[in-house]
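**Student:** return atomic coordinates for the entry below.
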Amino acid sequence: MTLAGFMKKISTICIFCIIFFSCDNSLTPAKPIINKGIADKRDVGQSAHDLLSAVKYTRLNIEIQFAPGMRPHDHSVNNLVSFFKNYVYKPAGVTVTLKQVGSIAKAKITTQDADSFALKNRILYTEGNLVSLYIYFADAASTRFWIGGIAYRNTAMVVFEKTIQENTKGAGEADRIKMETGVVEHEAAHLLGLVNNGTAMQIPHEDPSHKFHCSNRNCLMYYAIEAGMVRNPDNSLPLLDANCMRDLKAYKGVE
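**Tutor:** Residues are numbered from 1 along each chain as shown. As a prediction, this is how the structure comes out:
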């Protein structure tokens, strides 16, 4: 490999890492102006136990909507389903619905914008024995350009798919899948109450400098793992560490 090729590869990996695990859970949108789906209008982490266990809800549906051209890769969706099947207990099953919807019609958006869009477009809400998650893959960037996704409600997140596609362009399909998977799994784990945000820690491991994130730099829930990713030659996807898995298991309700 030439020096120029090597530097290009390192640059791609660095960009990938910066976006991959950057998130901000301090951006709570304004309260909704309508009552539809009131159970899904609380803050991040407040439905953690409902998502993890079957005490109240035995089914989980992941409603994925996407702007034109922003459909997530099938492998990324399958990875997310596997993630939930590993960490939640839903004996009636985990299902996915996908639908193309309109553009959010802004170049950069806030969580308030995402919340307003969801109020107009979300179809499934938590009711009966079903707990539902909503994910919008937006054709927009965050007002903070390096963020790949944000969990902003107890059952909702936005993924800045345009940012993901732009920063994996030319890097190959596998890199896009890794970035999409990492973003949605990281934000999904926030919805499950990690770290110390709805699901109590069994052993202290919250990063004191970065609230709601793991202190283990090799964990999926570390606030930013770019240094570790650069050192990893295969650019592999990090997983939840033992402490994060222990926290989830404590509320899952089954072995």
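**Student:** surely residue 63 and residue 126 touch.
**Tutor:** No - the criterion here is C-beta atoms under 8 Å, and residue 63 misses it with residue 126 at 11.0 Å. C-beta: built from backbone N, CA, C; applies to glycine.
**Student:** which parts of the chain are strands?
**Tutor:** Listed in chain order, the strands of the chain (DSSP state E) span 59-66, 94-100, 108-109, 130-137, 141-142, 149-153, 156-159.
**Student:** got JSON lines for those, with distance to residue 50, mean neighbour count and mean pLDDT too?
**Tutor:** Formatted as JSON lines, the strands of the chain follow (distance: least, C-beta to C-beta, whole Å; neighbours: other C-beta atoms under 10 Å; pLDDT from 0 to 100):
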{"stretch": "strand 59-66", "distance to residue 50": "10", "mean neighbour count": "21", "mean pLDDT": "98"}
{"stretch": "strand 94-100", "distance to residue 50": "14", "mean neighbour count": "14", "mean pLDDT": "97"}
{"stretch": "strand 108-109", "distance to residue 50": "27", "mean neighbour count": "18", "mean pLDDT": "96"}
{"stretch": "strand 130-137", "distance to residue 50": "5", "mean neighbour count": "24", "mean pLDDT": "97"}
{"stretch": "strand 141-142", "distance to residue 50": "27", "mean neighbour count": "22", "mean pLDDT": "94"}
{"stretch": "strand 149-153", "distance to residue 50": "13", "mean neighbour count": "28", "mean pLDDT": "95"}
{"stretch": "strand 156-159", "distance to residue 50": "14", "mean neighbour count": "26", "mean pLDDT": "97"}
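**Student:** looking at those strands, spot the one closest to residue 247.
**Tutor:** Nearest to residue 247, of all the strands of the chain, is strand 149-153, at 16.3 Å by C-beta to C-beta.
**Student:** which helices and strands sit right next to that closest one?
**Tutor:** Helices and strands touching strand 149-153, by 3 or more C-beta pairs under 8 Å, 6 or more residues apart in numbering; DSSP states H and E, are helix 111-121, strand 156-159, helix 173-191.
**Student:** next, the buried residues of stretch 153-169.
**Tutor:** 153-165, 167-168 (16 or more other C-beta atoms under 10 Å).
**Student:** quick one: low-confidence ranges for this protein?
**Tutor:** 1-36, 145, 225-235, 254-255 (pLDDT under 70).
**Student:** returning to what we had before: what's the closest of the strands of the chain to residue 242?
**Tutor:** strand 149-153 (22.6 Å).
**Student:** ends of stretch 116-133, how far apart?
**Tutor:** Distance between the two ends of stretch 116-133: 16 Å, counting by C-alpha to C-alpha, to the nearest Å.
**Student:** can you pull the contacts of the closest residue to residue 98 other than its chain neighbours?
**Tutor:** Excluding its sequence neighbours, the residue lying closest to residue 98 (C-beta to C-beta, 6 or more residues apart in numbering) is residue 64, at 4.8 Å. With contact taken as C-beta atoms under 8 Å, 6 or more residues apart in numbering, residue 64 is in contact with 72, 77, 96-99, 135, 137.
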